[in-house]
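> Provide a 3D model corresponding to the input given below.
(one chain, ligands or ions: 1)
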Amino acid sequence: MAKMTRPLIAGNWKMNGLAGSLSELDAIIAGSSSAPFADLLVCPPATLVAAFAARAKGTGVMIGAQDCHMAPCGPHTGDISAEMLRDAGVSFVIVGHSERRADHHESDEIVRQKALAAHRAGLTAIVCVGETKADRDAGNTLDVVGRQISGSVPDGASAANLVVAYEPVWAIGTGVTPTVRDVEQVHELINLKLSMKLSIGSQPVRILYGGSVKSNNCKDLLDILHVDGALVGGASLNAADFLAIAAAVPK
Ligand code: 13P
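Below you'll find the predicted structure:
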């Protein structure tokens, strides 16, 4: 089904990639014309952000980061601000990925502050939400995701500076995906929640699905109403796999 917005296929490399991985980015750039119906974004680890941004400049591939601190600068050893990321050449930053929510105890309020920091620096925030297996088994998926959207998405955001990614925690890195109906239900809820939160008449914000997206299952997922692209983990590390997913975006 044709989409109302141009789909975004984003690769989250997580804690993977060394200087030699620039060749994988080169392959993505070289093959990007095979995916004419999608925007392409690669989010390498912080160590590679500047080199990737320099290499991708002027191509059809955008570069993003995986996290930012909420302050613009200051005594936060090891952290990186949204302004620094902007300076390094990125245009997107992922905030509130479930791995950060779990590993670094990031609350909805922290995620919201990070999204605001991204906006302050002129970056698009990709705000991640998603239920755990226990939430899903208890029948709480819609409540949990609804609460995460309310708490993590800043008021007044727009399609120009916000993307939301629905990533069920139990689907990440497991090879298991929710049913089409389950994804449809959650994306419908997110779309509704966003339309109440964002300014009236604004363009629809892109809502990505993430969690075990592969070239062999992406078509069904990308066809779902209100699925405006994918946030891809493991399969984004290989240019051919990533491009195959991007090429499956419906016209
Ligand atoms: P996988 O595609 O490896 O399941 O990871 C999804 C994810 O967490 C992307 O942010």
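
> only C-alpha atoms for contact and neighbour calcs from this point on.
Noted.

> counting neighbours, which bits of the biggest helix by length in the chain end up buried?
Counting residues, the longest helix found in the chain (DSSP state H) is helix 180-197. Buried residues in helix 180-197, counted by 16 or more other Cα atoms under 10 Å: 183-191, 193-195, 197.

> swap in stretch 14-29?
Lys14, Ser21, Leu22, Glu24, Leu25, Asp26, Ile28, Ile29.

> quick one: secondary structure of the first one?
It refers to Lys14. coil (DSSP: H, G, I helix; E, B strand; the rest coil).

> which residues touch it?
Shown in contact with Lys14 (Cα atoms under 8 Å, 6 or more residues apart in numbering): Cys43, Pro44, Pro45, Gln66, Gly233.

> and what of the second one?
By Cα under 8 Å, 6+ apart, no residues touch Ser21.

> which elements pack onto the longest helix of the chain?
Judged by 3 or more Cα pairs under 8 Å, 6 or more residues apart in numbering; DSSP states H and E, the packing partners of helix 180-197 are helix 141-152, strand 206-210, helix 218-222.

> how big is the angle separating that helix from strand 206-210?
Interaxial angle, helix 180-197 versus strand 206-210 (axes from the mean of the first three to the mean of the last three Cα atoms, to 10 degrees): 150 degrees.

> quick one: buried residues of stretch 152-168?
Burial within stretch 152-168, assessed by neighbour count using 16+ other Cα under 10 Å, is assigned to 152-154, 157-158, 160-168.

> just the closest of those to the ligand, please.
Among these, Glu167 lies closest to the ligand (Cα to the nearest ligand atom), at 6.7 Å.

> who in the stretch 151-251 of the chain is up against the ligand?
Ile172, Gly173, Gly210, Gly211, Ser212, Val213, Leu231, Val232, Gly233, Gly234 (Cα under 6 Å from any ligand atom).

> adding distance to Lys133, write these out as a markdown table.
Listed next are those as a markdown table, based on distance: Cα to Cα, whole Å:
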| residue | distance to Lys133 |
| --- | --- |
| Ile172 | 11 |
| Gly173 | 13 |
| Gly210 | 15 |
| Gly211 | 13 |
| Ser212 | 15 |
| Val213 | 18 |
| Leu231 | 19 |
| Val232 | 19 |
| Gly233 | 19 |
| Gly234 | 20 |
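
> what two of those are the furthest from one another?
The largest separation in those, counting by Cα to Cα, is between Gly173 and Leu231 at 12.1 Å.

> and Val49, what element?
Val49 is located in helix 46-56, with elements delineated by DSSP states H and E.

> lowest-confidence entry in the buried residues of helix 180-197?
On pLDDT alone, Lys197 ranks lowest of the buried residues of helix 180-197, at 84.

> so who does that residue touch?
Listed by Cα under 8 Å, 6+ apart, the contact set of Lys197 reads Asp155, Gly156.

> redo that, cut-off 10 Å
By Cα atoms under 10 Å, 6 or more residues apart in numbering, the contact set of Lys197 is Ile149, Ser150, Val153, Pro154, Asp155, Gly156, Ala157, Ser158, Asn191.
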